[in-house]
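>>> Here's a sequence, model it:
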Amino acid sequence: MILRTEKRTWLSRRAKTKLARLSVDDIESILIIKHAAYGDLLCTRPFLVTLRQSFPKAKLTLSTIEHYQRGTPDDLVDRVHVLPSKNISFLNRLRAMRELGHHTLLFDLTESTPSFLLSLLTSADFKIGYQHRSVHKWIYDVAILRAEYRFEAETFLEQLHVLGLQYDWPPDYQMPVTAMSRPRPYVIYFPTASALNKSWPLELFAQLIEQTAQQYPQYDHIILSGLADWEIEIADKISSQLQASQNVIKLAAGNEDANLIKGAIALVANDTGIRHLAIATQTPTVGIFFYATPFGYWPRFGGHQVVFTPDGRTPSVNNVKRALCCILDLE
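A predicted model of the protein is given here:
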């Protein structure tokens, strides 16, 4: 195999020689390190799909971390390694890091202290990671710059360019989800995020749903509440502000969220995790941004829309509605 590098790619002195010793048939075991929350774990799916297609004989091991397990793509790998993070001594954590054995290839998609240590302590013929100060020079054979303003799944896929691997476009998530069947087509509104101060104001969500329910009576408009008590309360308050309408429905989150989202015409949310789920299930989304920078959460495929203002203020109802109409008017 040969390296495909750009002028800002960092290489160890022996990187080209080490990779030249390997052929595609030599790739027997691949370790992928991704210690991250729900949305980022979903974003690893196209990366894993591409590895499986490129190295069909290799066994894939995914290293996750204990406090982030939801969304683990265990259907795409042969083994899931869970790094303990709670109530464990540093010595025992080091022991857990040494459990992985030897691998032909190692990819570190995380760029964190635990992932650096795990990459350092794990034996592999060839290691690929991101550039981070000077840490990468002590760990990896190749380290690339991390693209901070591109959609996260694409950023992960860029590590595969080093090996000259080609991936599908749009990215293939191979999400094992069947669309829910409902009597009428529907739009989903998820009105909360990880914290109240990160949520678009409930009054604005209520106005948006009121207006779109009237403009698009052919659709059901579903308010999907989160799991926490305060999220359920927010959904209840939004519902209480709406005029009685047969095409507005309030549902609680549950085990069938992925099926529900897969079957939707569109999803509106400012929570990045639920949007990543919609992106993975090929449901168009409208992302509302005022708390976080939008670019890493903005896929330029699949008809996804993002709404934000240049001055960082809370987006208006009209702007969000305009983005949603761009999706609904195509149906």
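>>> so how far is Y291 from the residue lying closest to P191 once chain neighbours are set aside?
In space, and not counting its chain neighbours, P191 is closest to F205: 4.5 Å by Cβ to Cβ, 6 or more residues apart in numbering. Backbone N, C-alpha and C define where each C-beta goes, glycine included. Distance of F205 to Y291, given as Cβ to Cβ, to the nearest Å: 15 Å.
>>> circling back: was I right to think the residue nearest to P191 contacts I238?
Yes: between F205 and I238 there is a contact under Cβ atoms under 8 Å: 5.3 Å.
>>> about what we covered before: more neighbours, F205 and Y291?
F205 (28 against 17; other Cβ atoms under 10 Å).
>>> Would you check how far apart the more buried one and I288 are?
For F205, the distance to I288 - Cβ to Cβ - is 9 Å.
>>> Check E256 too.
For E256, the distance to I288 (Cβ to Cβ) stands at 24 Å.
>>> If you count surrounding residues, which of those two has more?
Shown here are E256 and I288; by other Cβ under 10 Å, I288 has more neighbours (27 against 14).
>>> May I have the beta-bridge partners of the more buried one?
V307 (DSSP bridges).
>>> The worst-scoring helix or strand of the chain on mean pLDDT: which residues count as buried?
Taking mean pLDDT, DSSP states H and E as the measure, the helix or strand of the chain with the lowest value is helix 90-97, at a mean of 82. Judged by neighbour count (16 or more other Cβ atoms under 10 Å), helix 90-97 contains these buried residues: 93, 96-97.
>>> Over to stretch 16-28?
So for stretch 16-28, counting by 16+ other Cβ under 10 Å, buried means 18-19, 27.
>>> Okay, and which of these map to helices?
Secondary structure assignment by DSSP state H places 18-19 of these in helices.
>>> What is the nearest of the buried residues of stretch 16-28 to R150?
L19 (25.1 Å; Cβ to Cβ).
>>> Return the residues in contact with the closest one.
1-3, 126, 141, 163 (Cβ atoms under 8 Å, 6 or more residues apart in numbering).
>>> redo that, cut-off 6 Å
1, 3, 126 (Cβ atoms under 6 Å, 6 or more residues apart in numbering).
>>> By neighbour count, which of those wins?
Among the contacts of L19, F126 has the most neighbours (other Cβ under 10 Å), with 24 neighbours.
>>> Quick one: mean pLDDT over stretch 132-152.
Stretch 132-152 carries an average pLDDT of 96.
>>> wait, stretch 229-242
Computed over stretch 229-242, the average pLDDT equals 94.
>>> Quick check: bridge partners of V82?
Where V82 sits in a bridge, its partners, by DSSP bridges, are T64.
>>> Among the contacts of L19, find me the one that's closest to L62.
Distances from L62 to the contacts of L19, taken by Cβ to Cβ, are shortest for F126, at 17.8 Å.
>>> So the closest one sits against Y140, correct?
No: F126 sits out of contact with Y140 when judged by Cβ atoms under 6 Å, with a separation of 8.9 Å.
>>> count of residues packed around the closest residue to L227 other than its chain neighbours?
Excluding its sequence neighbours, the residue lying closest to L227 (Cβ to Cβ, 6+ apart) is A253, at 5.2 Å. The tally of other residues near A253 (other Cβ under 10 Å) stands at 18.
>>> Then P310?
P310 has 5 nearby residues by other Cβ under 10 Å.
>>> Report the buried residues of stretch 153-173.
Buried residues in stretch 153-173 (16+ other Cβ under 10 Å): 153-160, 162-163, 165, 167, 171, 173.
>>> Quick check: neighbours shared by F205 and I238?
By Cβ under 6 Å, 6+ apart, the residues touching both F205 and I238 are P191.
>>> who are the neighbours in contact with S225?
231-232, 235, 252.
>>> nearest residue to P73 other than its sequence neighbours?
R45 (5.1 Å).
>>> correct me, but the one you found touches G71?
No: contact criterion Cβ under 6 Å: R45 and G71 do not qualify, at 9.3 Å.
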